[in-house]
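Participant: Just to be clear, the model below is a prediction. Sequence and coordinates:
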Amino acid sequence: MIEFFSGIGGMRYGVERALEIIQQQRQQQQSPSAQFFLSSCIAYEISLQANATYAHNFSHDTEKGKNKAFYVKTKLVEQLKPKDLDNQADLWTMSPPCQPFTTTRNAKQNGSQDKRTNGFKALMNLLRSIQHKPMWILLENVKGFVGSSSLQE
């Protein structure tokens, strides 16, 4: 899993919780017991405070040996190259900045004209350029994104 705009790890927590529920349901149905957990996770976030919290929130993974490849990287997604992402994960999650799209009161809704969309646009360009794309992409939606110019681009 690669988590972009990871913040403190909310998307990762949701994915891990969903995998736990699937595992429990399979056990209740007496299905073959495959283990469901993330084998690796790379998180990209530019906030040092968020990264420190993220590392704290998931430090148990490395202690238990559940997650051998666990990294939190302080890096702008705009700086990533195709080799950083090509064939690296089956799942990409992303929670890009919502301010350009949100319909909350006093929002400017500048869409793709807002510089905070640069990371999302860079990821979409990288996605087009890599050979081995992820099987799944989980994108956090905010009200206003679906009709935005960024989605259309």
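Facilitator: Received, thanks. Numbers count the residues shown, from 1 in each chain.

Participant: number of nearby residues for the closest residue to Tyr54 other than its chain neighbours?
Facilitator: Of all residues not flanking Tyr54 in the chain, Gly9 sits nearest, at 4.6 Å (C-beta to C-beta, 6 or more residues apart in numbering). The C-beta positions use only the backbone N, C-alpha and C, and glycine is treated the same way. Neighbourhood size, Gly9 [other C-beta atoms under 10 Å]: 24.

Participant: Check whether Gly9 really touches His56, as I assumed.
Facilitator: No. Using C-beta atoms under 8 Å, Gly9 makes no contact with His56, being 9.5 Å away.

Participant: who does the helix or strand encompassing Glu3 touch, helix- and strand-wise?
Facilitator: Using DSSP states H and E, the element containing Glu3 is strand 2-4. In terms of contacts (3 or more C-beta pairs under 8 Å, 6 or more residues apart in numbering; DSSP states H and E), strand 2-4 is packed against strand 40-45, strand 91-94.

Participant: which other residues reach the longest one?
Facilitator: Counting contacts by C-beta atoms under 8 Å, 6 or more residues apart in numbering, the residues outside strand 40-45 that touch it are 1-7, 9, 12, 51, 54, 58, 61, 67-75, 77, 80, 88-89.

Participant: chain center to the helix or strand following it, what's the gap?
Facilitator: For strand 40-45, the following helix or strand on the C-terminal side (DSSP H and E) is helix 48-57. Mean C-alpha position of helix 48-57 versus that of the full chain (C-alpha atoms, centre = their mean, to the nearest Å) differs by 15 Å.

Participant: buried ones in helix 48-57?
Facilitator: Ala50, Asn51, Thr53, Tyr54, Ala55 (16 or more other C-beta atoms under 10 Å).

Participant: what sits against the residue nearest to Tyr54?
Facilitator: Counting by C-beta under 8 Å, 6+ apart, the residues that Gly9 touches are Glu3, Ala43, Thr53, Tyr54, Asn57, Phe58.

Participant: what's the offset of the longest helix seen in the chain from the middle of its chain?
Facilitator: Counting by DSSP state H, the longest helix found in the chain is helix 10-28. On the basis of C-alpha atoms, centre = their mean, helix 10-28 sits 16 Å off its chain's mean C-alpha point.

Participant: go on, stretch 1-18?
Facilitator: Relative to its chain's centre, stretch 1-18 lies at 6 Å (C-alpha atoms, centre = their mean).
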